[in-house]
Structure formats: C-alpha cells, structure tokens
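K.L.:
Dropping the sequence and predicted coords here.
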Protein chains: 2
Amino acid sequence: MKRDFVNIGTRLPRIDGIIKATGEARYGADLSLPGMLSGKILRSPHPHARILGIDTRRAAQLPGVRAVVTGKDTTGFKGGGIGSNGDEPYLAMEKVRFIGDDVAAVAAIDEEIAEEALDLIQVEYEMLPTVDDPVAAMGPESPLLHDHAPRNISLQTDLAYGDVDEAFKKCDYVREDRFETAPIRHAFLEPHAALASWDQSGKLSFWGSKQSPYFTYRNMAKAFGIALNRVRVVQPYIGGGFGGKNEMFGVDFCAALLSRRTGKPVKIVVSQEEVLYAFRQRHPTVIDIKTGLKKDGTLMALEADIVADGGAYLSIGAMSLYLMCAFLCVPYRLPNMRTRGRRVYTNTQPSCAMRGHGVPQSRFAAEVQLDLAAKEMGLDPMDVRLKNALKPGETTPNGFKITSCGLEESLVKGKQTMARWIKERPRQTDGKIKRGIGVGCYGFVVGPRLAGHNTAAAVVKVHEDGGVSLMTGSTDCGQGSDTVMCQIAAEVLGVRMEDIQYNMVDSDVTPVDPGTYGSRVTFITGNAVRVAAEDVRDQLAQVAAGALEANPKDIVFRDRQVFVAGSQQRGMPFSRLVKTAQYSGIGKTLIGRGYWSPKGIDVVDFKTGRGNISATYSFGTQIAEVELDTTSGRIRVTRMAALHDGGQPLNTMAVEGQLEGALIAAVGHTLSEEIIRQDGQTMNPSFLEYKLPTTLDVCDVEIVHTDVYDDQGPFGAKECGEGIQVAVVPAIVNALYDATGVSFKRIPVTPDRVLEALGKKTRGLE
Amino acid sequence: MKRDFVNIGTRLPRIDGIIKATGEARYGADLSLPGMLSGKILRSPHPHARILGIDTRRAAQLPGVRAVVTGKDTTGFKGGGIGSNGDEPYLAMEKVRFIGDDVAAVAAIDEEIAEEALDLIQVEYEMLPTVDDPVAAMGPESPLLHDHAPRNISLQTDLAYGDVDEAFKKCDYVREDRFETAPIRHAFLEPHAALASWDQSGKLSFWGSKQSPYFTYRNMAKAFGIALNRVRVVQPYIGGGFGGKNEMFGVDFCAALLSRRTGKPVKIVVSQEEVLYAFRQRHPTVIDIKTGLKKDGTLMALEADIVADGGAYLSIGAMSLYLMCAFLCVPYRLPNMRTRGRRVYTNTQPSCAMRGHGVPQSRFAAEVQLDLAAKEMGLDPMDVRLKNALKPGETTPNGFKITSCGLEESLVKGKQTMARWIKERPRQTDGKIKRGIGVGCYGFVVGPRLAGHNTAAAVVKVHEDGGVSLMTGSTDCGQGSDTVMCQIAAEVLGVRMEDIQYNMVDSDVTPVDPGTYGSRVTFITGNAVRVAAEDVRDQLAQVAAGALEANPKDIVFRDRQVFVAGSQQRGMPFSRLVKTAQYSGIGKTLIGRGYWSPKGIDVVDFKTGRGNISATYSFGTQIAEVELDTTSGRIRVTRMAALHDGGQPLNTMAVEGQLEGALIAAVGHTLSEEIIRQDGQTMNPSFLEYKLPTTLDVCDVEIVHTDVYDDQGPFGAKECGEGIQVAVVPAIVNALYDATGVSFKRIPVTPDRVLEALGKKTRGLE
C-alpha cells in the first residue's frame, strides 16, 4: 500500500546539519558545569595480573586532587551482559585482564593535576600468564581469565536444523574452508565523554556520549542503588557510535562516583588513544565452514564452527555470537544447517556489537565459500544466489519469517549492473594491474528483540501556532534518525519539516527506549512517532470535522492545510485548526502519544536460537570492482553498487549517506583495518597507524533501491544502516578472486598478504 | 466526597527543600554557558523625555564590547497587555516615560566592561513635563504619556448592578470615605535574570526568572517573528515572583537580541537596585467609597470610584482594575453596586499584578468602611459580616457563582477566637500602650480565566522500577506547588512522595500552561496531574485486573501496593505491576496524560465585568491584634489568626507557609512598606530603606482550616496563597481603630502618620 507522499521519499537535509556544520552542536566533551572537576582513569599496564594492593595516599595528597577511587569504592555491580549484572567491574577488583582495564580514577581541579595524580597511584601487581589467541585459550593448559568460565568459553551457541549429515551425503559438491577476521575498531571520531553531577537530594544527572542512553540510565541506578527517576541521563550530540557506545563503561561510572564523592560535577573525556587501546572492538573470528550443493547449484547444507575472540569481558557478546551463527540461515534457503559458536575470553580489549553485529564475519565466510563453490562447479555465482534466494512468505529453518523481501529483485538488477560493468571495464593493458568484479548478498535484522521489551514510544506536542515538538527515547548518534523522525511526524500531520522540533533524550522526560542498535530506530521508534502523530491528528480531525461539517475520517492533512477529502476548498490552515482546538470551549492542550512494538516477533534463546528475532528483514546485493597492483600488492576498490531492499526509503539522501558510509567502512574492514597487538599491547592506538579508509579510498558508488514497501515499516521502511555492510566484505574478496584466482580467506587483505598469496616476497616492516 | 488519604492533608517537606537549603538549586543568575557574554541595560535618568538621538559609537568601540542595541533594533512588537502587543517597547523608541525605562543594552565580555560601556552611550533627551499623581494626570492640562490615551486613562472598568441610587435612599445608614494605598514592591529576593542563546539554526534557548514562562515563550516568538517551537524557554529555580515575574521584560528581550547579534549566549542579571526602581509595583490607589446599610446591618448598596495609578505602561493592569472593582461584590451579599475604576498613566514605574491582585486595595476600603459603619451603628462588626456573608449556592450580582464557601464557618470560629483573645489580652497598664483587635474578611479567585484557554495539562511517565516522572507547564516560584503536584500524583497512584520526580518547565517538552498567577496552579494544574495520573493508573488497573482476575474498577492502588478492593492479599507491589505491564506481551511504555479546565467559568469582559471569572472561590476571616505605642507611634501586630477556607489543604505545612507568608507580607503593606519618590526618582531603592517586615516583626499566627471540600478542586482543594492577604490590611487597620478610635484611611500607617493622627508632632526626617 503506497501513498502519495509529501515529505517521505524525498532528499531532505538533516535537522541538525547547520549547528553541526557551524560547530555549535555540543558534544559530551563540550559540556561544562560550574565548579566542575576533571577526572582521569588509571589503566592497567599489564594484560593479566592480580592486584595485591593499591596505595592512593600520595595521589590524594597532591594539591588540587579532590578524590581518588578504586575497585573498593564500587558497589559490586558490574557492567557487561545484556541488561544484567555482568562480569566487568567498573573498576578492577582483584584482577586486571587486559592492558587498559580500569584500575583507579582521580578527580582534580584540572586535567593536568588529575593526570599527574595517576602517576602517584602505586599499584602492586602480581603478573599472571596471559593468552591472546582464542583457540589456544580453550586449551586445557591455558590460563583462565574468569573463574566462572572453564576453558575460557564465555558463551556457546549451538544451532542445528534439518539433517545435516544426511544432506551432505546427498550433495554433489562439498567444500570446507577456514576463514579468519581481524579485530577492528568502531573508529567513531568523538571519544567517550562523561559528565556527572550529583546533588544533595541524591539525584544524579549524567551527560554521556551514549548511543543507547537508557542502558546507562538502568545501570547507573543499579550501580548506585537508586531509583530510575533519580538518574537523569541527558543526551548531548553524539559523534558516532557504530555499536561501541551502547554500554555504560568505567568512565561513566567513575564520573558519577567521583561526583558523589566530591559533591561537584565531574567530567571525564578519554583520549582517542585510550579509546583505541582500552575500549571495544569488533569480534575477531576463526570460522571453519563447510557448504554442500547439488550440481544445479541448490544449496543443501552448511556446517560451521565459529570461534569468536571476546576479549577480556562478556559485553553484549551473547547477541553477537547468536547473530553470527543465526545469519548463516539468511539470505538463502538452507534446509540443513548446524553451527557451533563459541565466544572465548582472552587478555585483550573486550569485543562487542559493531555495525552489522557479528554477521559480517560469518557471512564473509559463507559468501566467499559459496562463490568459490559456484565457480569451481562452473556455475554463475549470481545464478546460484538467485536459485537459493529467500522469497517473501518463506520461513527459515531457525524460524525467521520473511515478509517483504527484495533479494531476488536486487540480484536481477545486480546481474544487469555486473554485465554493464564488465562491458565498461578497461581492457587489461598489462599483467601488472589485475581487475575483478565480485558479489555478496545479505539479509539483516530490523529491530531485533533483545531481552525485555522492544517497544518504542513517542510524544507529539502541538504548539498553539501549529508548530510541533517531538519526543522519543531514541538517539541519533550520527545516522540521521532525528531527521527521519521529524519527517514521519510531518507526513502524518501534513506539515513541513521545519514545523517539527525534535528533542533529544532526557530520561526525566523522554519515553524509555531500548536505544540505537540493531537498525531499530526508523522501524520501531519511527512507528511510535507515526502512532503518536496519528493520535494528535485524530484529535484535531474531530475538531476539524465539527468546524467543516464532515466525518473525521474524511479530513485530510496536507501541506499545512486541513480539508475535507475531495474538496480542498472546504478547509483551513493547519495552524488555524490548532488554534481552534486549543481555544474553543474550555480549551485543550494537544498532546499525542504513541507506543509501538513489532508484530510477529519471538523471544529467542541466544543459546539455541529458534524463533523469529525480527519482524522483518532487509536484503540486498552488493557488487564491487577492484584493481590489484601485483607489484605493490595494493588494492583499490574502483566502483561499488549497492542494490538494496531497505523498504521504502524515507529520506533518500540520508539512506544514501548510510549506505555509502557502510560501504566505505567495509572497505576498511576488508582491506586495511586491523588492531595490531604485541604481548597484549595495542601497537597502533592512533588514527595515523590504524588504517581507516580516507577520502582518497572512496570510489564511485551506485545505489539502487528495490521496489519494496514493508507493511509493518513506517511508510514502508526497513533499515539501511547496517545490513549492506555484511555483503561488502565478500563482494570485494570475491572480486579479488575474479582478478587473481587467489581466494583470500583472511581479512584484512593487506598488500603484504596479497604479495604473499601471489608468491612474492612481502615488504615486511623495514 | 472525602477520602481516606495517604499523602493528602499531611505535613510534607518540599521536594526542592534540600537542594535549596544546600545552595545547589540553580537560579537564573547561577547559569552559565560557554562563551557567554554579560549584558547590561542603560536606563532613563528622566521621568519623561523625548529621545532626540542615541550615539552608541564610543560604547561599541570599547574593547571587550560585542554589541550595543537600542530601540531601533527592536522589531516593533511591544510588551504589556494580556497576551497581546501592548504599549511598552522593550527598548524605548521615541520617548522615555519613567526613571528606569530601558533605553539601550550592551553585551560585553564581562560585566565591568558592559557597565563601562553604558557610560559611553550618549543619549540626547528633550525634557518633557511630568506627572506623578494619578488624579492630577486625568486633568485636562496634564502632560500626556501616550498619544492613544486622552487624559492618561489607560483603562476604565464600569460595573453596575441593581438600582444603586434607589437602594441608598432606603438605607438607614450611609457613609462615604476616601482611602489611599501606597505603591509597594513585590520584594522577591531573586532579581530578574535572563540568559539567552541563539544557535545558527535560528533556535532561541532562554532561561529566565519567570513565574509564567509560557508568557515569555509566546512573546519571544512574536518579538522575533519565529515559530513557538523555535523558542525554548527553560525554567531555572525561581526566587519569588508574587506577580512581578509574569511578564517578559526588556531584560529578557535584550538578552535574546544581544545573543542573536553576537552569536553568543548573553546573560543579564539586573541589580536589586534596578529591580526596585525600574520594574513593577503594586497599583497605588485612591478610592472614594460609599456604603449603605439597613439598621439591622443588612448591606444594601455600595458605590466606589477607584483611581489606580498604573505608572508608565499598561502591563496586565486590565485584570488588576477589573479585580479591584469586581471584588467589591465579594464576600458579602450586595444586591446593588456601582463602581467606576480608572487606571491612569503617570511617569512612574508600571504597576502590575501582585499577590491578591488589586483586591487588597479595594477590600481595604470596603472592609474598613463596613467596620466603621457597624461600630457607629452600635452593631458587632462580626455579626454584620455574618449577616451578609455569602453562602454556597448564591450568585453575586456580577455573576460569580459561589459553590463551596466556608465564610460563615470562618466567621463563627473567628468570633470564638476574638472572644478568647479579648479574655487573654493583657490589661491596659498605662495610657501609653493601646491595644486593639480587628477583623477582615475576603473571598478570592481560584484560577481566574484570562483571555484564551485556562487549561492545564500534565504528563506522567512511569519508569520500569515503579518510579514516576511528572511534567506540567506550571512553575513553582517558591509557593511549593511542585511538591503539591507530586503529592497529587502519588495519591492517585498509591505511591510515596519520593517515588515522584518533578520536571520544571522546558517549553520544548512540557505542556503549555498559562502560568503561576491568580492562585491557579494547585486547582487547575493539580487537576490535570490528577487526570494524567488516573490515566496511567487506569492503564495499570487493566493489567492488574488481568493478573489478579478482577474487575479493573476494583483495583486499589495504595502505599506502593496494588490489590483487589476488600482483599489485600490478592495483590502485588506497584513496582511488580509496572514491570508486568511493561514487559509482558509486546511490552508497553507507560505514559499518562491529562488535560483539565475549570467548569462553569465564563469569558468576562474586564470593562463591564459580568460573568463567572472563577470556577470556585476561597474565603476566610482574618483577625489581628495590635499594640500601639502612643509616644513613638510604633505599631506592633502582636497576634494574628487566619480562619481560612482554601478547601481541603493538600499539604498542611505548605498551606501554613503560604498563609504565614501572606500575613507577614500584608503587615508590611499595612504598616511600613512604601516606595518613596521625589520628582519621579525612587528614594529608597534598597532593602535598607524600603521597610519590609523582618523576622522581628513576625508575631504568633493561629491557623484554622474550615471544613470545606471543593467538588472541583483536586482532592477538594482551592487556594491558599493569595486570598488571605486581602483581609489582613483591614484587620490591622480595624484593630488600630479599636485601639485608638482613629480610623486610618491611608496605608502604610507609619509611626509619623500615627502621631499625626493622634495630634502629636511627627518626627520627620531629622
């Protein structure tokens, strides 16, 4: 059911564009309160050690220091886990488990004194043996990080559907490979920042760089044993999250603890270096995978053993591991599947959610293996994908219900694109430069259900001049969702974008919301906004119907006008209707509210994984063209195409921005990004050494939207921020195979590895 | 219909008590934003002058000065009036009309430079003749302040009911007197403060010391021609208002204008001296009044001619003048009444609303005259009052509908109090000290209807641990209403006070509300809170009914427990019910909303005044005992009793605080407070010279609540903040007559005036 939209499906600039461009938008680090102190965190210099004692006396005596806190000052509540008491103390208790672990914190009158005080804290450590390889960590002789986790296995997920062994026997073609992915960073440009202020009435106000502020709201209440309405979490502008700013961290806890201790506001802004060695990463993985097909390309069976390096703590790894395993069932029809996923503790930075959340790793393996299989079988990889592509109405063996699905359309259009590119490809001039084109497909969640409710709510307040204020509990951490929320409200009320004013999260007043993850904001909060706006529109339609002598159902709201359907003359401006509603009779304050929760969704056990995790799924096909210099090993992605089913795009420009961002990020994942460690020490904790793609690495991108309108999505929309990233890695790696005939099974595919694979001497580190 | 309350009717400390006591509560002057500039206002040194030119060049060139603005930079929108474009430019255009009128404003990097820059602004004035006496101002030769107001009459109200002339003829006793009241101050301790910050997207954020922030929200939008949702008015804590912080002033406009000019936040905090000479005052009045009675004490007719000195501008004087006149019909049955009220422009500070809003002046005249009449007729003044007291169900000739009314009960109890006091009174030892007891009665509005809607709204958000956040658009400017709002929500939801968290006004998110005036907050916003809390309670009752297998109507919410009426075992904790509601099924975010508007209320034309201005009225009897030293002329109020019908008191301690505050303030009004001017210049613009009562002037106060439960009021409540003030002035003046036999018809009754009246030489100013 499509409509004739006014705001939806257009190219609209961001509502926060101007103040972000002028530098006025205030991020966590920009905030300041009278009497504010500066905080700093002392971090472990050892990857694994027992803390025998901490002497803070000299630090506390330094003039200007106001408080020093250690693990003894915490309440025992630990971070990590999904919404529950996890395994990660906000300040280390008896042990440190990676280089960067939070050990102590200082508040002082300025940053320099706080920094100086850190040096005066004397920690006596007893070194412990360390392990940084996840496979080795499961060995019987490996040192243990946590007593509760024998063989360092923090989580295990076992999925099994159909008769896998029997299915493999019937296959005409079976292949097995091992794939490996490196640890990489979220690489948001804004470092973590926390400002906390307790008042004497026992109320904590907190401003933090959080993509899911309500996680911190809950955990602050638990960590300090206070009621939720005694914690006020206010969201400043956020400079990127990508999954790395969901949780409450030691820095947040310490700001609050130090503020309570000192009776002053305390701000802690971590350095980019700290972010890069002491915070989160994407799970590195080792994936053994086996795929079986019939000779016509029908996918029969898949088996995988996934070892994910979780680093020192649990974080929200349960979801990561589940998604990594479950998305082996998507986007192809796969009747028989078995996977064992193990998340393993090692003495490194903890791994957590990151754009695509676990799926890029496992789909890299599956998509590359499928491509290799098709090619070896002499089949067109596109045709194999088309043959097996999930269609609307299908249910995967693990229970995912496919409703709207544009995968087939994306593949058909992708084939046309590939054909055109092959035609346009410059002729191979010499053997030095090799060119290739590759493909990858994906399916992704749209607002998965975690533990607890997955509802969103919105409140729409209409001002007496017809302007609108909108409140939700969702956070725009850079993806542009605030703008989309305003579009939805404007569309329902028939007003213009500039008539809507959006309010960022303030847990005292905005409705609770799970947060920004799993591509849920547009889909779920967007629907709540739609319902809230419809609620207030219905109130206004009643008044309009009275004034215009019509049925409320016939009242049309469009372009700041309200009229009776079919006779535009019988109407009035929206602003006049609002005044009439507010001032006639005894008057009325116009507030709309809306709740929304996805339909047809199950509570899924992350260990066994049966059930529908998401009300709908996004799909797409990604094509990449590469150029490989066989002399230097250097790879350039020369063009990319994203053929994407994100449902109806609400703001075409924003969707393009999201897709392009995901594409470029995935180029980094495939070709250059890697956290390099030596004895647990991060060797590249700076953006000089950690190789993010730069503007020079950006290629032409073609974006094609499939013609899909999701019935549950707000105005038909699904997601566009994450799914595509899943398909980019295999598309590039498959293109490299097309170019060289070499199958790269370990990312990033750096020049060294290229040269090594091509049989040349690597350059090494001179 | 009374109930067995838990929170209501108890003595509860204020929710903001601790942080106000510790000094953490942040008032306007405490606020700070990065890059903030300081603003200062240049004020007129002349009471009446034409501005021939303003040269701001030297000021603008002073290092550190960032902007200088004058009337030319305003948009033409003027302040004053009720909700509309008035007669008061935010910066003087062609004329100045009193000493203190806003002429220009400067923003600089600090306060000292801004102050210095003021001296460099050269204003060329042409002096104009001035008038500071309101009666003289109406003379044909008087200089005119505004072209639109011949004879300087800014407003006129003419009320006439019954046949006044005929009624006077039938009277057995008629007397005529002239009463005069002096200009006095609101005397809030927090001076006006304004902080404004425009961002480049065109949004204005404003923090100001405002008792009705939504007035400023509307006027800012009008003054700058922007939409209401582009103005964000945030309310800090307010250090008293008493009617003097309703309007948007030049200081507010200038902060915003200077911020827009400079692109920086600008804060202007006026000095207490500025507040005292350049801001608002209570209307001084000259009242000629005539009362006629039958010999049995039946009140037959009243006629009055009221001249109110409005000062230089309109302000919200229309309401003041109307109330001054209309409340001659209350609290006694008065079939024939005629009054002419004129509000007159003079070259002094503008007069506006102040606690009791116009009524203390006219009721001073009427109550003292009635007392004198009764005494001269040989009747007991209490009996005369009892005979004529309005009763429930009566309608006054001007259309006030009396619903609940405890006046008779208060008089009966007052008689007992008086009798006891007379018995307890120390014997007259020598002729030097004279003692007397006097009485006054009152009736007052409870949320009068101004132009536009009189609705209030509230939003109740329930957190998942059972805590509650409450939002209204009302402002607690010191009266304690935030605490009362929390009580109401707690009572409805059956939780404790500490479970409720209250949010102060932020026009982006809180519902629009007329503001804090006319004793409307408890009555109107309180009901909105009740309705909003009931809304969320009903949602929860549905869930509870399901879980407990009962009818939703039978679910009782009490003391953090929810159970089936009559069987307390069939229940669960409130917090568990909330979790159940939020997490079962697809989950639900719990938000309640409520609108409320008084019933049976009319839109009253302030010029002719017929109709019911208020849904209900408060009543009461005030008794005062005085001691007068005939040698020094010094008067001490030795004890007071307030017998008060404010409906059901919601927070007994807060009600007592309000009554005591009003009583003491009225002692100042009666005995010591007066703005002294010479040639338009305020001679006592400091709390050293302006004589507010101090703690040494506070006497014992007895407070008696009548047994009245108002059916519209939230849990039966009406008002307690203003009405009683009306009755205190006549009670003291009548006590002075009782002590001395002298009728004082001019307030304040200073020692000089006492000695003069007693025939002694005044002390004068040595």
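P.N.:
It's in. Numbers count the residues shown, from 1 in each chain, chains lettered A, B, ... in the order given.
K.L.:
what comes up buried for stretch A:257-268?
P.N.:
For stretch A:257-268, the buried set under the neighbour-count rule, 16 or more other CB atoms under 10 Å in any protein chain shown, comprises A:257-268. C-beta here means a position set from N, CA and C on the backbone, and glycine is covered the same way.
K.L.:
residues making contact with the lowest-mean-pLDDT helix or strand in chain A?
P.N.:
For chain A, using mean pLDDT, DSSP states H and E, the weakest element among its helices and strands is strand A:78-79, scoring a mean of 88. The contact list for strand A:78-79, computed with CB atoms under 8 Å, 6 or more residues apart in numbering or on different chains, reads A:85-90, A:219, A:247-250, A:253, A:313.
K.L.:
hmm, 7 Å instead?
P.N.:
Here strand A:78-79 makes contact (CB atoms under 7 Å, 6 or more residues apart in numbering or on different chains) with A:85-90, A:219, A:247-249.
K.L.:
want to throw those into TSV with distance to residue B:172, secondary structure and pLDDT?
P.N.:
Converted to TSV, the contacts of strand A:78-79 look like this (distance: CB to CB, whole Å; DSSP: H, G, I helix; E, B strand; the rest coil; pLDDT from 0 to 100):
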residue	distance to residue B:172	secondary structure	pLDDT
A:85	85	coil	61
A:86	89	coil	86
A:87	93	coil	94
A:88	91	strand	95
A:89	90	strand	95
A:90	85	coil	96
A:219	80	helix	94
A:247	86	coil	94
A:248	82	coil	95
A:249	86	coil	96
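K.L.:
Looking at the residues you listed, which is nearest residue B:511?
P.N.:
Among the contacts of strand A:78-79, residue A:219 lies closest to residue B:511 (CB to CB), at 30.6 Å.
K.L.:
Counting neighbours, what do you get for the nearest residue to that closest one once chain neighbours are set aside?
P.N.:
Of all residues not flanking residue A:219 in the chain, residue A:248 sits nearest, at 4.2 Å (CB to CB, 6 or more residues apart in numbering or on different chains). When neighbours are defined as other CB atoms under 10 Å in any protein chain shown, residue A:248 has 26 of them.
K.L.:
Can you name the residue of the stretch 601-750 of chain A nearest chain B?
P.N.:
Proximity of the stretch 601-750 of chain A to chain B (CB to the nearest CB) peaks at residue A:601, 7.7 Å away.
K.L.:
right, and that residue touches residue A:612 too?
P.N.:
Yes: taking contacts as CB atoms under 7 Å, residue A:601 lies within contact range of residue A:612: 5.7 Å.
K.L.:
Where does pLDDT dip in chain A?
P.N.:
Across chain A, the ranges flagged by pLDDT under 70 are A:1-3, A:81-85, A:428-429, A:451-453, A:585-587, A:761-766.
K.L.:
Buried residues, whichever strand or helix holds residue A:18. List them.
P.N.:
Residue A:18 belongs to helix A:17-21 when elements are defined using DSSP states H and E. Residues of helix A:17-21 classed as buried by neighbour count (16+ other CB under 10 Å): A:18-20.
K.L.:
now swap in stretch A:560-567 and tell me
P.N.:
Buried positions in stretch A:560-567, judged by neighbour count with 16+ other CB under 10 Å: A:561-564.
K.L.:
Which ones among those lie within strands?
P.N.:
The strands, defined by DSSP state E, take in A:561-564 from the buried residues of stretch A:560-567.
K.L.:
closest to residue A:489 among those residues?
P.N.:
residue A:562 (15.6 Å).
K.L.:
Would you check that the closest one makes contact with residue A:575?
P.N.:
No: look at residue A:562 against residue A:575 with CB under 7 Å: they stay out of range, at 9.7 Å.
K.L.:
Send over stretch A:746-758 as PDB, restricted to the C-alpha atoms.
P.N.:
What follows is stretch A:746-758, C-alpha atoms only, in PDB (Å, rounded to 0.1, in the frame of the first residue of the first chain):
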ATOM      1  CA  ARG A 746      41.700 -13.800   6.000                       C
ATOM      2  CA  ILE A 747      40.900 -10.200   6.300                       C
ATOM      3  CA  PRO A 748      42.100  -7.500   6.100                       C
ATOM      4  CA  VAL A 749      43.700  -8.400   2.700                       C
ATOM      5  CA  THR A 750      46.700  -6.100   3.100                       C
ATOM      6  CA  PRO A 751      49.300  -5.600   0.400                       C
ATOM      7  CA  ASP A 752      51.600  -7.900   2.400                       C
ATOM      8  CA  ARG A 753      49.100 -10.700   2.300                       C
ATOM      9  CA  VAL A 754      48.500 -10.100  -1.400                       C
ATOM     10  CA  LEU A 755      52.100 -10.300  -2.200                       C
ATOM     11  CA  GLU A 756      52.500 -13.400  -0.100                       C
ATOM     12  CA  ALA A 757      49.500 -15.000  -1.700                       C
ATOM     13  CA  LEU A 758      50.800 -14.100  -5.100                       C
END
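K.L.:
give the contact list for residue A:492.
P.N.:
Residue A:492 makes contact with A:530, A:533-534, A:537, according to CB under 7 Å, 6+ apart.
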